[in-house]
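[1] mind folding the following:
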Amino acid sequence: MTSLRSLPLLALAIASSASASPAKRVPARPIAARAVAAANAASTVEPAANTFIAASAVLPFVDGQIYHVLTAPEAVTDILLQPGETLGSVAAGDTARWVIGDTTSGSGADKRAHVLVKPIGPGLATNLIITTDRRTYHLTLTSTAGPAMSALSWTYPQDSMLALKRAADATAAAVPVAAGLDIDQLHFDYAISGDKVAWRPLRAFDDGKQTYIELPAGLGATDAPPLFVIGAKGAAELVNFRLRGRYYVVDRLFDVAEMRLGTKHQQIVRIVRGTARRGRAA
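    Numbers count the residues shown, from 1 in each chain. Prediction:
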């Protein structure tokens, strides 16, 4: 029989036992769970017959999409990365029932990383995240008793568009700023002053009819600031120009002009023609 003196100790033991019991799982809110499920379903790309080249699925890569890979026991599925892409890390949700490894093939610029996956049985599912020096891949893996995908790789439409843009930019840069320019008729007597900004012109010159402003190499069209011609009374007038390679081509001459960028903290570069400087000095 338990004595009265032992009751406090018994109560303490019961309380300790209750506090040591595992905490109950808090179920996800139904609305949030449905939102996550809907987003995952909408973003998941399933293998289809028209995506296969021979036995390998080839899909266009889109950042943020989830790629579904069908696997099977006793079979290894090869996930191929872009040639030249460096593998960073591979993380899986279930590492106990999936065998995951990596290897490489080729050498030099053609060296290619492979991530190899194999389930230990059918009816399994997990996710896989692959990080590289170029992008992050999100995949969902399922295993069946049926056939497995031999391999999965991607095409990279965004890379192709960037390559086309770089080629177009290089072609445009190689084109002369203007045809028929007579070097003897060019006037380089321009002074450039103002803020030390990335788009500060290297020089300016004219041929007696048009003014050419040379910008630093690599400056994109979206980085080109507007150009204002400053009148005799100091009024600024926005002037049109054409961007030819890395040159502003202005279809007129001016004495003073300013390139301006920003509103509250405006960056200004001033371009003054030599005749205007001599006129002020006189």
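
[2] where does the protein dip in pLDDT?
    Low-confidence segments of the chain (pLDDT under 70): 1-28, 160-182, 220-222, 275-282.

[3] one more pass at 80, please.
    1-29, 157-184, 218-224, 264, 275-282 (pLDDT under 80).

[4] show me where it has its helices.
    Ranges of helices in the chain, per DSSP state H, are 7-20, 30-43, 157-174, 274-281.

[5] for stretch 144-157, measure first residue to last.
    Taking CA to CA, to the nearest Å, stretch 144-157 runs 31 Å from one end to the other.

[6] which residues touch that stretch?
    47, 55-61, 67, 69-73, 75, 77-82, 122-123 (CB atoms under 8 Å, 6 or more residues apart in numbering). The C-beta positions use only the backbone N, C-alpha and C, and glycine is treated the same way.

[7] kindly report the same for stretch 36-44.
    Ala28, Gly64, Gln65, Ile66, Tyr67, His68, Thr140.

[8] partners of the last one in the sheet?
    Right, the one you point to is Thr140. His68, Asn127 (DSSP bridges).

[9] gap between it and Ser43?
    10 Å (CB to CB, to the nearest Å).

[10] more neighbours: which of these two?
    Taking neighbours as other CB atoms under 10 Å, Thr140 and Ser43 compare with Thr140 leading, 17 against 13.

[11] so what's the more buried one up against?
    For Thr140, the contact set (CB under 8 Å, 6+ apart) comprises Thr44, Ile66, Tyr67, His68, Val69, Ala125, Thr126, Asn127, Leu128.

[12] show me what contacts Gly106?
    Pro83, Arg112.

[13] switch the cut-off to 10 Å
    Pro83, Gly84, Arg112, Ala113 (CB atoms under 10 Å, 6 or more residues apart in numbering).

[14] any idea how many residues pack against the residue nearest to Ile120 when sequence neighbours are not counted?
    Distance criterion CB to CB, 6 or more residues apart in numbering; nearest residue to Ile120, sequence neighbours excluded, is Arg97 at 5.0 Å. By other CB under 10 Å, the residues close to Arg97 number 14.

[15] what two of the contacts of stretch 36-44 are the furthest from one another?
    Maximum pairwise distance in these, criterion CB to CB, is 24.5 Å, between Ala28 and Tyr67.

[16] ok, the two, which is more surrounded?
    Legend: neighbour count by other CB under 10 Å for Ala28 and Tyr67, higher for Tyr67 (22 against 11).

[17] touching, the more buried one and Thr142? I think so.
    No: when contacts are counted by CB atoms under 10 Å, Tyr67 is not listed as touching Thr142 (11.8 Å).
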